[in-house]
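> My questions are about this predicted structure, shown below with the sequence.
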Amino acid sequence: LGTEQSADELIYERKDQPDWGFGGDVTEDGHYLIITASQGTDQKNRVLYQDLTQPGAPVVELLMDFDASYNFIGNDGTTFWFKTDLNAPRSRVIAIDVTKPERANWQELIPQSADTLGGVGVLNNQFIASYLHDAHSMVKVFNLDGSFVREVALPGLGTAGGFGGKRTDTESFYSFTSFTTPGTIYRYDATTGASVVFRAPKVDFDSNAYETKQVFYHSKDGTRVPMFLVYKK
C-alpha cells in the first residue's frame with residue numbers, strides 16, 4: 001500500500017459523516033465488495049456494495065436507514081443473505097435481491113425463534129446457525145431456502161463455537177467446553193452431521209465421574225429460570 005510506484009485507490013468516503021466507521025469484505029465468489037458503515041458503539045449499521053466485475057462501478061447504498069443491525073452472511077449471485085434484528089430482537093435471516101432491493105421484495109428465510117440467534121455461516125451449501133437456548137449452545141442446519149435440516153448433536157450441555165468454512169466445504173471444526181469438559185476441538189462432518197474429537201487437552205481430571213443436569217425454577221414473577229446441577233455420578 002502506498003508505494004512510490006503505485007497510488008492507493010479511494011473506494012468510498014463520506015466527509016459529511018466524520019463519525020462513521022467503515023469495514024470492507026469481498027464475497028466468497030469475488031463478485032462484490034461489501035462495505036459496512038458503523039456509528040460509534042451502536043449495534044445498528046449501514047450496508048453498501050460495489051460490483052468488482054465492472055471496472056469503475058459505483059458504490060451502491062443498499063441499507064442506509066440505520067434502523068437495525070445487518071450482518072452479511074453470504075450471497076448467491078445477486079441475492080444477499082443477512083442476519084438482522086429488524087423486527088426481530090432475537091434475530092432472523094433474510095434474503096435481499098440487489099436487483100430489486102425494495103423492502104416489499106425482501107424474503108425471510110429463517111424466522112425469529114424463541115432462542116437467540118448468535119451467528120450464521122454457510123457450509124455444505126447450507127446455513128449453519130448457532131443459538132443460545134436456555135443458557136447453552138444449540139446449533140441448527142437449514143437449507144438455503146430456509147427449510148430445517150437437523151440439529152447438530154453437540155457433546156453435551158455447554159458452549160460451542162466455530163463452524164467456519166467456505167460454502168462448498170463438507171467439514172468444519174468447532175470448540176466445545178462445559179462445566180466438566182475442558183475446551184476440546186471437534187471435526188464436524190456437514191454431510192452426516194457427525195462430530196469426532198480432533199484435539200483434546202490432557203488434564204488430570206476424570207470428567208466421566210461427573211454429571212451435568214439442567215433443571216428449571218420459576219421465580220416469584222413466573223419467569224422460568226434455567227439452572228445447571230453438576231455433581232458426582
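Happy to help now that I have it.
> So for residue 1, what pLDDT did the model give?
Each residue has a pLDDT score; the one for residue 1 is 56.
> Burial check on residue 220, number of neighbours?
Neighbour count of residue 220, defined by other CB atoms under 10 Å: 5. C-beta coordinates here come from the backbone N, C-alpha and C atoms, glycine included.
> Please enumerate the helices of the protein.
Secondary structure of the chain (DSSP state H): no helices located.
> quick one: contacts for residue 196?
Neighbouring residues of residue 196 by CB atoms under 8 Å, 6 or more residues apart in numbering: 186-187, 189.
> Run through the protein and note the low-pLDDT ranges.
Confidence mapping of the chain against pLDDT under 70 gives the ranges 1-6.
> My guess is residue 31 contacts residue 49. True?
No. With contact defined as CB atoms under 8 Å, residue 31 does not count as touching residue 49 (9.5 Å).
> So the two - more neighbours on which side?
Neighbours around residue 31 and residue 49, counted as other CB under 10 Å, are more numerous at residue 49. The numbers are 22 against 16.
> Please name the bridge partners of that one.
Residue 49 forms beta bridges with residue 34, residue 60, as assigned by DSSP bridges.
> pretty sure it is touching residue 98, no?
Yes. Taking CB under 8 Å as the contact criterion, residue 49 and residue 98 are neighbours in contact, 6.9 Å apart.
> Identify the contacts common to these two.
Common neighbours of residue 49 and residue 98, using CB under 8 Å, 6+ apart, are 60, 62, 80.
> Could you identify the buried members of those residues?
Buried subset of the shared contacts of residue 49 and residue 98 (neighbour count, 16 or more other CB atoms under 10 Å): 62, 80.
> Which one of the shared contacts of residue 49 and residue 98 is nearest to residue 15?
Using CB to CB, residue 60 is the member of these that lies nearest residue 15, at 19.1 Å.
> residues contacting the closest one?
The contact partners of residue 60, by CB under 8 Å, 6+ apart, come to 48-51, 98.
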